[in-house]
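Peer 1: Sequence first, predicted coordinates after that:
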Amino acid sequence: MARVELEHVDKVYPGGTRALSDLTLAIDDGELAVLVGPSGCGKSTVLRLIAGLEEATAGTIRIGDRVVNELRPQERNVAMVFQDYALYPYLSARGNLEFPLKMRRLSRADMRRRVERVAGLLDISSLLDRLPKQLSGGQRQRIAMGRALVREPAVFLLDEPLSNLDAKLRVQVRAEIKELQQRTRTTMVYVTHDQVEAMTLGDRVAVLDAGRLQQVAPPRELYERPANVFVAGFIGNPPMNLFPTRLSTDDRGRVVMHVGGQTLPVGDAAAPRLRASLDSPLTAGVRPEALRVDAGELGDGAMRATVEHVEYLGHETLAHVSVEGDVGVRLIGRVEGMSGFTKGQLVNLRVDASAVHLFDQTGRSLAG
């Protein structure tokens, strides 16, 4: 097991395509770090650079105490699991597990010991004599993970390993990966485009976009304190409501936020630090659960809106609403249980002022 560090790493492909720009990221020994972002953001390139399958254009990559930029993949003591399993179809599960050990010329006794230990760890002992075609998708994924684990690598790299599984099986195998990492304390770097996977698996999550690191933090911090508009809109399901706004003061001297053609107080605690941003174009963000939707009387601190669409999910309802005013603002509110809202219904919106996020013209959070 080892710490992984990337310092000011660039990756530019022939022809000028830039995959990574000035990436600096440290992954602690024994940590499960998740890289998440949209397709083409550079997350798989990071794995390939750590594994030695690609060469960095600039910057330094360390595994443990060693700079590995010039080392071949087999000299880095890392193991990689791909989304397509990459099992040898003519070898049994046992043969697939033994293959990397044969390449290292381990003795038969050492191979048996390692294979049996990993098979017990992954609960695949009863599958060792089967061919890949005789295994389910989840079982194949366990074999692929086992083939990496028998090498006893310093770093375990997983490139979207669950994308070929159905939704129910993804949840199951995701939990198994988390449990496995906690038991073995192996340093793992896990790549996914699925932010739900990222939030449920990672000790820390690194969000990338267009080859640049946007924020790295524990899942809760990412959700509650996004560093910029991109992270705010990417993390969360449904994502944060984002809309253009500006701040001003009302006739009572309160700092208010403009939403469509209506206003909301931003709260006394936040007002002093926001006065410097009065009348500047901003982006506001509100999580769906911080938006209260009801059909009562319009009172102070509430806005009028029209229900556009309703999603009934059983344990909760997602109400898609349009705020009345000259500038159209559409928001999603999360309501517990099965609400009775209907399309076209007039409702009131109330926002938890402490849960409002504001971002400047560059997209950076005003909260710092």
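Peer 2: Noted; the coordinates are in hand. Numbering: from 1, shown residues only.
Peer 1: for the stretch 201-350 of the chain, what are the low-confidence residue spans?
Peer 2: 267-273, 276, 296-301, 325-327 (pLDDT under 70).
Peer 1: those helices in it, which residues are they?
Peer 2: 219-224, 229-234, 271-274 (DSSP state H, counting those that start in this stretch).
Peer 1: what's the answer for the stretch 51-200 of the chain, then?
Peer 2: Using DSSP H, counting those that start in this stretch, helices in the stretch 51-200 of the chain cover 93-103, 108-122, 137-149, 167-184, 195-201.
Peer 1: Next, the angle from the fourth one to helix 137-149.
Peer 2: Pointing back at helix 167-184 there. 30 degrees (axes from the mean of the first three to the mean of the last three Cα atoms, to 10 degrees).
Peer 1: And helix 167-184, what does it pack against?
Peer 2: Counting contacts by 3 or more Cβ pairs under 8 Å, 6 or more residues apart in numbering; DSSP states H and E, helix 167-184 is packed against helix 108-122, helix 137-149, helix 195-201. In short, each C-beta sits where N, CA and C put it, glycine included.
Peer 1: between those helices, which one is nearest to Asn241?
Peer 2: helix 195-201 (16.2 Å; Cβ to Cβ).
Peer 1: Pick the most buried one from the helices of the stretch 51-200 of the chain.
Peer 2: Neighbour counts (mean count of other Cβ atoms under 10 Å) averaged over each of the helices of the stretch 51-200 of the chain peak at helix 137-149, with a mean of 22.
Peer 1: so how far is it off the chain centroid?
Peer 2: 23 Å (Cα atoms, centre = their mean, to the nearest Å).
Peer 1: before we move on, what about stretch 118-128?
Peer 2: 29 Å.
Peer 1: got the CA coordinates for it in PDB?
Peer 2: Provided in PDB are the C-alpha atoms of stretch 118-128 (Å, rounded to 0.1, in the frame of the first residue of the first chain):
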ATOM      1  CA  VAL A 118      -8.400 -13.800  -2.300                       C
ATOM      2  CA  ALA A 119     -11.100 -16.200  -3.200                       C
ATOM      3  CA  GLY A 120     -12.200 -16.400   0.400                       C
ATOM      4  CA  LEU A 121     -12.000 -12.600   0.700                       C
ATOM      5  CA  LEU A 122     -14.300 -12.200  -2.300                       C
ATOM      6  CA  ASP A 123     -16.500 -15.200  -1.600                       C
ATOM      7  CA  ILE A 124     -15.700 -16.800  -4.900                       C
ATOM      8  CA  SER A 125     -14.100 -20.100  -3.700                       C
ATOM      9  CA  SER A 126     -17.000 -22.100  -5.200                       C
ATOM     10  CA  LEU A 127     -16.500 -20.500  -8.600                       C
ATOM     11  CA  LEU A 128     -12.800 -21.300  -9.200                       C
END
